[in-house]
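[1] Structure of the sequence below:
(chains A and B)
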Protein chains: 2
Amino acid sequence: MESATPQVHEPVRFGTHPSRYRHWKLSVEGPLARLVMAVDDQHPMREGYVLKLNSYDLGVDIELADAVQRLRFEHPEVRAVLVSSGTDNCFCAGANIYMLGSSTHAFKVNFCKFTNETRLYLEEASAKSGQTYVAALNGVASGGGYELALACEQIYLQDDGSSAVSFPETPLLAVLPGTGGLTRLVDKRKVRRDLADVFSTLAEGVRGKRAKDWGLVDDVFARSKFDAEVKKRAEALVAAAAPKEGGPAFELAAIEPERREEGGKLVSTYRFVEFVVDPATRAATLVVRAPESAAPQTSAELRAQGNDAWHLRAFRELDDALLDLRFNHPTVGLLLLKTEGDASKVKEHDAALLALGGDWLGREITLNVARVLRRLDLTARSLFATIEPGSCFVGTLFELALAADRSYMLASDEPDGPRLGLTQVNFGSFPMSNGLTRLATRFLARPSHVEALAGERDLLDHDAAMKLGLVTYAPDDIDWEDDVRIATEERASLSPDALTGMEANLRFAGPETMETKIFARLSAWQNWIFQRPNAVGERGALTMYGRPERPEFDWRRT
Amino acid sequence: MESATPQVHEPVRFGTHPSRYRHWKLSVEGPLARLVMAVDDQHPMREGYVLKLNSYDLGVDIELADAVQRLRFEHPEVRAVLVSSGTDNCFCAGANIYMLGSSTHAFKVNFCKFTNETRLYLEEASAKSGQTYVAALNGVASGGGYELALACEQIYLQDDGSSAVSFPETPLLAVLPGTGGLTRLVDKRKVRRDLADVFSTLAEGVRGKRAKDWGLVDDVFARSKFDAEVKKRAEALVAAAAPKEGGPAFELAAIEPERREEGGKLVSTYRFVEFVVDPATRAATLVVRAPESAAPQTSAELRAQGNDAWHLRAFRELDDALLDLRFNHPTVGLLLLKTEGDASKVKEHDAALLALGGDWLGREITLNVARVLRRLDLTARSLFATIEPGSCFVGTLFELALAADRSYMLASDEPDGPRLGLTQVNFGSFPMSNGLTRLATRFLARPSHVEALAGERDLLDHDAAMKLGLVTYAPDDIDWEDDVRIATEERASLSPDALTGMEANLRFAGPETMETKIFARLSAWQNWIFQRPNAVGERGALTMYGRPERPEFDWRRT
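    Numbering: from 1, shown residues only, chains lettered A, B, ... in the order given. I've put the predicted structure just below:
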């Protein structure tokens, strides 16, 4: 299935702008935005397939993610977003099958993870940013098309004898609706499980009144009334929503690092982030630097900083680096997390972020940091934090150490020895996918310890940090180099697959949410199926799709 | 990895008796039972490997499951169960690697599922039957050995410089501690995630005081004091436990069907269950018959019925048939669930079971029915219930229809048309793995509907059943045969893997528990890894184990 020599592709880049969208049309009329999917089938992200029937690939989804993000920052006045299709009779046919069939296992899995994250971001915009997404299915929504609709809070289907919702993955392709589909069906829309079972095996899907009766859509309208009725619902959402909050928006600046090669290493330098990939050791290093400028004290100052606001800029850069790592450096198994700079500046900016949390921009910046941190949690690479002199693992930046699988802190009694520290943001600003803070997840056995830590406002040296359970190891400077080197070398020598599975199980203790269900249960099963010969083998259903012969199955159930 | 021609093995049988145990010694002294693991390494279940170092295969675990079950029914006076090893310096080395390395994917997965169920049953005995399991690790407990300990409520480790707990799966075998290990580490024992990360990559494991400090064990004792100290803890559990409840126990009878071949079908006839496998259509049928005799009205009558008590006998038979299906009929993808007999008798027995729930035997019978129903939920085969004239899907037996992926009820207005019905047992006696009743899971969107159903005590015809959402389809007698035939044929034509993944996602809506986490998140990842070349390929770690060469890995992370 996977060729021994990895295919050489152009690196995937995630920055884009509405003026460069090929596949989506974003328009805003006051509080109502419209996202129209009109996939340019002749412009797939990679050669070898055509994006027929509004099917999507990563390039299409990068634009959607960009649009969802821009709506939050650039159009805070928007209260409802109508998602529809510009292609008659077809809303969206889901992920392109030929793209999936010609992709490596690792790409398929990372593609699905990114699209899953985008759909969760869209749901978060509905829940936390007051921008409620509404799907207007003016045609067939199949597979990933219906999954996109499921990520919207309301779904309306045109009742015209042909528009339908469907999950043809299992009956036609021998895979799952793995972009949240099965989970949202029974856990978000709470469709009765036997009806969900029938629906998920019915290639042609369900239309009209039955789709409404089964809870698959919220309502159906005749073609002649469809646009008006859907608009009425969106306007009702707008009317019921809180009014536009104060302050003008600004356009999100492009995030583009300077890239160079240096002694066999690939270095990407952003303003606050440096990302270094070392192919020889299969390890990468991410350094996040503290702010140098003063924190904004008022909403006006925050707006004036705009793109330069440290929490916004630094975490947009981190996000870009994480996606670069996931898609363009597949053999890098270990990410070393470091910080650099003045801890007091991080504290100052954290305090400002909290103080400005009532401002829509402050809120959006906070939510974005939380999303990037969750993207880090969900990155299938080992994460080690190293806490050294000159570092500033404090508050927001201490979340990096909490997200790490392990942390190493230099035990130094010198005045310039490393310190770490908590700020109020560690106690609720950046929830994990499981709904808990990273501190609460870390100390699941000791909730009272988390409460005690809330009073801990001093910078902590290695002794205090070890005693409070905030770091894993604190070797002294005699052992430091060897300990860290041996740990990283050992980690890099282990099976990448076993580590992916191990980390996915250890990182998310505690409660499960729809989000953790999607990434654990659903994605893990989909990843399994993405390897089974019945799907991807020479005669598997994904391979045979579009050919005249039928797939051949090994009938043994597992 | 998997040979095209399936290996022919003797069918696996699950009935055993302490007098025939080869690998475990069960002894009972008043309220304290001892389970000593002393694996006979020359008697593996199948040829080709030696069970060194108290490693286990399915044969070893069948005995453990039998012992746990017998303790509940045959020794209700037992209040604590000490699990230790009869082999010096070695508690248990986990699942046998050569057995895993030489097994098919489907066998590995089903083996892990059975061992997972056994460990959950042992935990349920601690939680619900007042028989608390204590692990006395008088030697190294590695991999599945430590996972067995984790299923106990208390873990004590001998402090002798060599006894240790360890998870060498990831560093040595490139797989996961998949028998609940990773989940119990962070979710049951709530070990800090960074310490869990270190522990899970440390092949040699953790000994002595550090094991206690990290929360991996509850205490450590020097070798000279170990037995006495552990016994003291077990006796404290006994002293704190509720006193022995009334009534003598009885010995569980063997469950052995009459097996015959009939027109190409394999028929197993038990007293209340008939199990028919049709290899030609890859479908099987399970018929469960209602009781004919009167329900017990008193604890004394229940005891007098003993093995013949309908709820006990019928569900032990069903359990045996389900295990037969899982292990001996891998290509059967669809199980049709049917019932037969007098609905009023089921109601009568359900009422008796509820009335006798305060009796330890009534409680154990109820818990066992619940376990068997969960085994059904977790069986990776499509489940369709067909509700026909002469059937009795009522109360306990209606749970079979609720466990099914779909149900078909004949729409007949004749007086002998099928009826179904609810009894009080449907509202709490038999929780699913997610902690909810099957009704609550079915109507996750409508909790008030479940409350309304609680008042519904009449037998319901097809009209009422459809209106109340209790069945999926109700075709009339003109359509019945075609509808059911087409549905079963279609189901049998779909990819077995996609169906396994789909059903695992649709069956367990709602909250997640440690149990669902183990079967979804952990097992799904383990199943994925069990297919990866890095584990099971020609140069994979599981394949290369015990050879002088090192495994070779594809370093791409997924």
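
[2] In contact with residue A:219, which residues?
    For residue A:219, the contacting residues are A:156-157, A:212, A:229, A:233, by CB atoms under 8 Å, 6 or more residues apart in numbering or on different chains. (Glycine included, C-beta is placed from N, CA and C.)

[3] In these, which residue is surrounded by the most others?
    Counting neighbours by other CB atoms under 10 Å in any protein chain shown, residue A:157 comes out on top of these with 32 neighbours.

[4] is it true that that residue touches residue A:217?
    Yes. Under the criterion of CB atoms under 8 Å, residue A:157 makes contact with residue A:217 at 4.4 Å.

[5] tell me, what's touching these two both at once?
    With CB under 8 Å, 6+ apart as the test, residue A:157 and residue A:217 both reach A:137, A:165, A:211.

[6] Same list (those residues) but as CSV, adding neighbour count.
    Below are the shared contacts of residue A:157 and residue A:217 laid out as CSV (neighbours: other CB atoms under 10 Å in any protein chain shown):
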residue, neighbour count
A:137, 29
A:165, 26
A:211, 24
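
[7] Which of those sits closest to residue A:247?
    Set against residue A:247, the nearest of those by CB to CB is residue A:137 (35.1 Å).

[8] was I right about the closest one contacting residue A:158?
    Yes. Residue A:137 is within contact range of residue A:158, at 6.3 Å (criterion: CB under 8 Å).

[9] hey, where'd the helices end up in the stretch 101-250 of chain A?
    Along the stretch 101-250 of chain A, the segments classed as helices by DSSP state H, counting those that start in this stretch run A:105-128, A:144-150, A:181-183, A:193-199, A:208-213, A:223-240.

[10] Go through these and name the closest to residue B:505.
    helix A:181-183 (3.9 Å).

[11] So which other helices or strands are in contact with the closest one?
    Helix A:181-183 sits against helix A:144-150, helix B:496-506, with contacts defined as 3 or more CB pairs under 8 Å, 6 or more residues apart in numbering or on different chains; DSSP states H and E.

[12] Looking at these, which is nearest to residue A:544?
    helix B:496-506 (13.9 Å).

[13] what residues does the helix or strand following the closest one touch?
    Counting by DSSP states H and E, the element after helix B:496-506 in chain order, helix or strand, is helix B:514-517. Contacts to helix B:514-517, defined as CB under 8 Å, 6+ apart, come from residues A:512, A:520, B:120, B:180, B:183-184, B:187-188, B:433-434, B:508.

[14] Make JSON lines from the shared contacts of residue A:157 and residue A:217 and add distance to residue A:330 to it.
    Shown next, in JSON lines, are the shared contacts of residue A:157 and residue A:217 (distance: CB to CB, whole Å):
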{"residue": "A:137", "distance to residue A:330": "36"}
{"residue": "A:165", "distance to residue A:330": "34"}
{"residue": "A:211", "distance to residue A:330": "40"}
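
[15] Among the contacts of helix B:514-517, the buried ones, what's the ChimeraX command?
    Selection of buried members from those for ChimeraX, criterion 16 or more other CB atoms under 10 Å in any protein chain shown:
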select /A:512,520 /B:120,180,183,184,187,188,433,434,508
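
[16] which of the contacts of helix B:514-517 lies closest to residue A:374?
    Nearest member of the contacts of helix B:514-517 to residue A:374, counting by CB to CB, is residue A:520, at 13.7 Å.

[17] for the most centrally placed residue in chain A, what are its contacts?
    Central residue of chain A (CA atoms, centre = their mean): residue A:117, 3.2 Å from the mean position. Shown in contact with residue A:117 (CB under 8 Å, 6+ apart): A:65, A:371, A:374-375, A:378.

[18] Can you tell me which of the residues you listed is closest to chain B?
    Among the contacts of residue A:117, residue A:378 lies closest to chain B (CB to the nearest CB), at 12.8 Å.

[19] Next, count neighbours for that closest one.
    The number of residues packed near residue A:378 is 24, by other CB under 10 Å.

[20] didn't it look like it was pressed against residue A:433?
    Yes. Judged on CB under 8 Å, residue A:378 makes contact with residue A:433 at a distance of 7.1 Å.

[21] Give me the common contacts of the two.
    Listed as contacting both residue A:378 and residue A:433 by CB under 8 Å, 6+ apart are residue A:519.

[22] remind me which residues of chain A are low pLDDT?
    Scanning chain A for pLDDT under 70 picks out A:1-8, A:246.

[23] can you do 80?
    Counting by pLDDT under 80, chain A contains low-confidence residues at A:1-9, A:243-248.

[24] Give me every residue in the stretch 251-400 of chain A lying close to chain B.
    Residues of the stretch 251-400 of chain A lying near chain B by CB under 8 Å from any CB of the partner chain: A:282, A:330-333, A:380-381.

[25] What strand or helix carries residue A:312?
    Short version, using DSSP H and E: residue A:312 is in helix A:310-328.

[26] Return the set of buried residues in that helix.
    For helix A:310-328, a neighbour-count test (16+ other CB under 10 Å) marks A:310-327 as buried.

[27] Name the next helix or strand downstream of it, please.
    Helices and strands here follow DSSP H and E; after helix A:310-328, the next one along the chain is strand A:334-340.

[28] list the buried ones in that next one?
    So for strand A:334-340, counting by 16+ other CB under 10 Å, buried means A:334-339.

[29] Which strands or helices does it pack on?
    strand A:283-289, strand A:382-387, helix A:398-403, helix A:480-493.

[30] go with 10 Å
    Here strand A:334-340 touches strand A:273-278, strand A:283-289, helix A:310-328, strand A:382-387, strand A:393-394, helix A:398-403, helix A:480-493, going by 3 or more CB pairs under 10 Å, 6 or more residues apart in numbering or on different chains; DSSP states H and E.

[31] State the distance from the closest residue to residue A:162 other than its chain neighbours to residue B:47.
    When the adjacent residues along the chain are set aside, residue A:162 lies closest to residue A:89, with 6.3 Å between them (CB to CB, 6 or more residues apart in numbering or on different chains). In this view, residue A:89 and residue B:47 are 61 Å apart by CB to CB, to the nearest Å.

[32] Looking at those two, which has the bigger crowd around it?
    residue A:89 (13 against 7).

[33] Now that one: phi and psi?
    For residue A:89, the backbone dihedrals (degrees, to the nearest 10) come out as phi 70, psi 0.

[34] would you list every one of the strands in the stretch 1-150 of chain A?
    A:24-29, A:32-37, A:55-56, A:80-85, A:89-92, A:94-95, A:132-137, A:139-142 (DSSP state E, counting those that start in this stretch).

[35] which strands and helices sit next to the third one?
    Strand A:55-56 makes packing contacts with strand A:89-92, strand A:94-95, helix A:97-101, helix A:144-150 when contacts are defined by 3+ CB pairs under 10 Å, 6+ apart.

[36] Could you do the second one as well?
    Using 3+ CB pairs under 10 Å, 6+ apart, the elements in contact with strand A:32-37 are strand A:24-29, helix A:58-74, strand A:80-85, strand A:89-92, strand A:132-137, helix A:223-240.
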